[in-house]
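**Q** Here is the input, now give the coordinates:
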Amino acid sequence: MRCVIAGGNVKVLGRAVHSLSRIGDELYLEPTESGLSLRAVNSSRSAFASFLFAPLFFELYEPGIAGPDTEVFRCKVHMKSFLSVFRSLPSLEKSVGKCLILLKPRASRLVLQLHCKYGVTKTHNLAFQECERLQAVFDTQRCSSRLCAPARLLAEAVVHFPPTLAEVTLGTGPGGKISLRNYMEDEAEPSKTMVTELWLAEDEFQLVAVAPGSHITFCLKEFRGLLSFAEASNLPLTIHFDEPGRPVVFTLDDTVLEVHLVLATLSDLESDSQSTSTNGVSHLPVPSEDFADDLESYMAAIETSEGGSGGPPSPTFPQPADTDPEEEEEEEEEGGVPGTPPHKKFRSLFFGSVMTPGRPGPATTQEVLAEDSDGEC
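**A** Below you'll find the model as predicted:
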């Protein structure tokens, strides 16, 4: 793979790397005929981001694909190593005129050259590791709610929240207004907790198509990273979401750029109990270790297949799978604990797990096969 980035696009690439650095510790690169894809995923598999730069973004783009039967070469590098090349964004615009990215599979090196003013060339040789394809599976067309707004509007809204805030709740109110509010747990005392809530009018958005009374809670850190990129690029941001517990998808579309950010949302106990009898997908009261198959029908999944197509992401949502009642009862006996689960739980986007503070304990309803003896054996 060989590509050359010239002019202001070097700073755009640097902003994309800064945004991806908020997601994970590794950067996945995949050069295809459709463009260069940069992706990242966090350790808990609850956040996934993808930047696809079209060939028109580059001054020269050679993916290095010899023929249709040639397998696409994919690799990953440490995020800190790649980020160090684009550490200072102001200096990139002032001093760097061209950036060369060269992938050498035989030497296991990713070469980045910055051609600066006065004939100065900075060369960075980064070690990489060959990997399988990283792709989240989602479908924005099947989301019941959609919002589209200028990135500056949302950036000015979230600036009122403290930097240490972990989650934010996006919801709808009377008159079609959209609200942003810091998330509060049920255990928190209202008199001792600071509440920040903003209401945005419907006419401030470019598109409002939301279900009445809908709301979702997602992490704010990754959302801030995408907002900073979208605001600097002057691109409108589209939010696709559904019921609580389903992933929320943020998209940016341009002629030379396609961005997806997929975040897990906080599951709601009331919506879980209602969806148990309506959507045909079983919800276990407490997570077990081997229940990914029950949730993968509606959760986003990670696709790690070497034989995947080399094109851009084609989001698809898996169809609901039939579950066996006997297998479901066995899973509840092995990993389920009677009682009420914790209210705050984030579902993993990619493996269908539920992120809880502790692991489920042993079931108290299991049959005792052998009682303890009082005497010696």
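
**Q** Does residue 3 have any beta-bridge partners, and if so which?
**A** Beta-bridge pairing for residue 3 (DSSP bridges): residue 61, residue 101.

**Q** From residue 28, how far off is it?
**A** For residue 3, the distance to residue 28 (C-beta to C-beta, to the nearest Å) stands at 16 Å. In this view, the C-beta of every residue, glycine as well, is placed from N, C-alpha and C.

**Q** Can you list the low-confidence ranges for the stretch 251-377 of the chain?
**A** Scanning the stretch 251-377 of the chain for pLDDT under 70 picks out 269-377.

**Q** try 80
**A** For the stretch 251-377 of the chain, the stretches flagged by pLDDT under 80 are 268-377.

**Q** how many neighbours does residue 163 have?
**A** Per other C-beta atoms under 10 Å, the neighbour tally for residue 163 reads 8.

**Q** now residue 265
**A** So residue 265, with other C-beta under 10 Å, has 25 neighbours.

**Q** distance of the residue nearest to residue 4 when sequence neighbours are not counted from residue 139?
**A** For residue 4, ignoring the flanking residues on the chain, the nearest one in space by C-beta to C-beta, 6 or more residues apart in numbering is residue 60 at 4.1 Å. According to C-beta to C-beta, residue 60 stands 35 Å off from residue 139.

**Q** Please report phi then psi for residue 143.
**A** phi -80, psi 140 (degrees, to the nearest 10).

**Q** no no, residue 87
**A** Backbone dihedrals for residue 87, given as degrees, to the nearest 10, come out at phi -60, psi -50.

**Q** before we move on, what about residue 56?
**A** According to degrees, to the nearest 10, residue 56 has phi -70, psi -20.

**Q** Grab the nearest non-local neighbour of it.
**A** In this structure, residue 56 finds its nearest non-sequential neighbour in residue 256, 4.8 Å apart by C-beta to C-beta, 6+ apart.

**Q** ditto for residue 147
**A** The shortest distance from residue 147 to any non-neighbouring residue, by C-beta to C-beta, 6+ apart, is to residue 239 (4.4 Å).

**Q** For the stretch 1-150 of the chain, which segments count as strands?
**A** Counting by DSSP state E, counting those that start in this stretch, the stretch 1-150 of the chain has strands at residues 2-6, 26-32, 35-41, 47-53, 60-62, 75-78, 96-104, 109-116, 121-127, 129-130, 135-136, 145-150.

**Q** can you list the ones you listed in CSV and add mean pLDDT?
**A** Below are the strands of the stretch 1-150 of the chain laid out as CSV (pLDDT from 0 to 100):
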stretch, mean pLDDT
strand 2-6, 94
strand 26-32, 93
strand 35-41, 94
strand 47-53, 94
strand 60-62, 93
strand 75-78, 93
strand 96-104, 93
strand 109-116, 93
strand 121-127, 94
strand 129-130, 86
strand 135-136, 76
strand 145-150, 93
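
**Q** how about the ones you listed in JSON lines, adding mean neighbour count and distance to residue 226?
**A** Converted to JSON lines, these look like this (neighbours: other C-beta atoms under 10 Å; distance: least, C-beta to C-beta, whole Å):
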{"stretch": "strand 2-6", "mean neighbour count": "19", "distance to residue 226": "21"}
{"stretch": "strand 26-32", "mean neighbour count": "22", "distance to residue 226": "16"}
{"stretch": "strand 35-41", "mean neighbour count": "24", "distance to residue 226": "12"}
{"stretch": "strand 47-53", "mean neighbour count": "25", "distance to residue 226": "7"}
{"stretch": "strand 60-62", "mean neighbour count": "15", "distance to residue 226": "24"}
{"stretch": "strand 75-78", "mean neighbour count": "18", "distance to residue 226": "21"}
{"stretch": "strand 96-104", "mean neighbour count": "18", "distance to residue 226": "22"}
{"stretch": "strand 109-116", "mean neighbour count": "18", "distance to residue 226": "23"}
{"stretch": "strand 121-127", "mean neighbour count": "13", "distance to residue 226": "24"}
{"stretch": "strand 129-130", "mean neighbour count": "10", "distance to residue 226": "26"}
{"stretch": "strand 135-136", "mean neighbour count": "24", "distance to residue 226": "15"}
{"stretch": "strand 145-150", "mean neighbour count": "18", "distance to residue 226": "13"}
